[in-house]
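In: take this sequence and fold it.
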Amino acid sequence: MPKVVTPRQLPPAVRQTSFLTYFANSVLVSLATVGLTLSVSALGAYALTRFVFAGRERVAGLILMTYMFAPIMIIIPFYILVKQLGIVNTRLALVLSYTTFCLPFCLWLLRSFFHAIPLELEEAALVDGAGLRRAVWHIVLPLALPGLIAAGIFTFILAWNDFLFALVLITSDELKTCGRRQRPLQRDDRGLGMIMAAGVMITVPTIAFFAAVQRYLIQGWGAGGVKG
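Out: Numbers count the residues shown, from 1 in each chain. Model prediction:
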């Protein structure tokens with residue numbers, strides 16, 4: 001029979017603090033941010049590369065320029081906005097804040113991947129009877145998979161390590177994330193060893209996330225293409 005771990009055998013960082021609650025909140029918020037950011041950035045990048053309209057390049061440049069602003073510069077107006085929307089001290093506020101900060105870079109990154117995908121592949125799919133949605137899902141997205149994964153890794157790491165937005169937007173202890181992990185440990189004077197143990201445990205999801213998707217970075221190249 002597998003050995004059952006009793007509460008006393010758990011690390012002090014887990015047993016004596018709300019670390020598991022912070023950990024679960026970080027996982028939920030980070031994954032939700034990745035899903036929302038990739039969905040919006042993929043749609044935006046596809047529109048910037050496939051549809052022709054006046055000022056398209058200027059729009060792309062302005063999107064990238066917004067990434068120049070540091071988070072500390074937008075935290076106050078963002079707090080005012082979420083307060084007016086009534087979503088302060090919610091996970092949704094964190095997801096929207098992380099998406100706002102990650103979206104410009106991810107959109108610009110995916111734009112370069114979509115630019116490299118030949119338009120003839122989509123046209124061939126449309127000629128064969130596939131609709132636009134099916135062509136994008138089965139042709140464009142598989143070829144852009146390395147870019148999607150790279151953007152997802154970037155978004156996950158930023159959302160997982162954030163401290164500033166979690167500090168300003170979250171006040172309830174049950175909604176705090178691992179980004180604020182050191183404050184309760186330092187306040188309770190639990191020692192440097194517990195802080196270091198919590199820091200090691202927090203790095204595990206990032207490593208596991210990258211290990212789970214890194215093989216798709218290679219498999220994505222050429223997926224959905226034609227054999228010559």
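
In: could you use CA atoms for every contact and neighbour count after this?
Out: Noted.

In: what about residue 126, how many residues close to it?
Out: When neighbours are defined as other Cα atoms under 10 Å, residue 126 has 15 of them.

In: just the one 3 residues further on next, same as before
Out: Applying other Cα under 10 Å, we find 11 other residues in the vicinity of residue 129.

In: quick check: phi and psi at it.
Out: Backbone geometry at residue 129, expressed as degrees, to the nearest 10, gives phi 110, psi 0.

In: now tell me which helix or strand of the protein has the poorest mean pLDDT.
Out: Between all helices and strands in the chain, the lowest mean by mean pLDDT, DSSP states H and E belongs to helix 182-187, at a mean of 51.

In: report the buried residues of stretch 120-134.
Out: For stretch 120-134, the buried set under the neighbour-count rule, 16 or more other Cα atoms under 10 Å, comprises 121-122, 125.

In: can I assume residue 64 is in contact with residue 105?
Out: Yes - applying Cα atoms under 8 Å, one finds residue 64 in contact with residue 105, separated by 6.4 Å.

In: the two: who's more crowded?
Out: It is residue 105, of residue 64 and residue 105, that has more neighbours when counted by other Cα under 10 Å, with 20 against 17.

In: distance between the one helix or strand that one maps to and the chain's centre?
Out: With elements taken from DSSP states H and E, the one containing residue 105 is helix 91-116. With Cα atoms, centre = their mean, to the nearest Å as the basis, helix 91-116 stands 8 Å off its chain's centre.

In: show me what that helix is packed up against.
Out: Applying 3 or more Cα pairs under 8 Å, 6 or more residues apart in numbering; DSSP states H and E, we find helix 91-116 packed against helix 19-50, helix 56-65, helix 71-85, helix 145-161, helix 164-169.

In: residue 152 reaches residue 39, doesn't it?
Out: No - assessed by Cα under 8 Å, residue 152 is found out of contact with residue 39, at 10.4 Å.

In: ok, the two, which is more surrounded?
Out: Neighbours per residue (other Cα under 10 Å) separate residue 152 from residue 39, with residue 152 holding more: 24 against 14.

In: contacting residues for that one?
Out: By Cα atoms under 8 Å, 6 or more residues apart in numbering, the residues touching residue 152 are 34, 38.

In: what is the burial count for residue 174?
Out: Residues lying near residue 174 (other Cα under 10 Å) number 11.

In: tell me the confidence at it?
Out: Residue 174 carries a pLDDT value of 85.

In: measure it to residue 27 for me?
Out: Counting by Cα to Cα, to the nearest Å, the gap from residue 174 to residue 27 is 14 Å.

In: could you report the neighbour count for residue 110?
Out: Counted with other Cα under 10 Å, the neighbours of residue 110 add up to 26.

In: sorry, slip of the keys, the one I care about is residue 115.
Out: By other Cα under 10 Å, the residues close to residue 115 number 15.

In: quick check: closest non-adjacent residue to it.
Out: The shortest distance from residue 115 to any non-neighbouring residue, by Cα to Cα, 6 or more residues apart in numbering, is to residue 49 (6.0 Å).

In: does that neighbour touch residue 114 like I think?
Out: Yes - contact status for residue 49 versus residue 114: in contact at 6.6 Å, counting by Cα under 8 Å.

In: residues contacting residue 106?
Out: Listed by Cα under 8 Å, 6+ apart, the contact set of residue 106 reads 37-38, 41, 151.

In: most neighbours among the residues you listed, please name it.
Out: Highest neighbour count within the contacts of residue 106, by other Cα under 10 Å: residue 37, with 26 neighbours.
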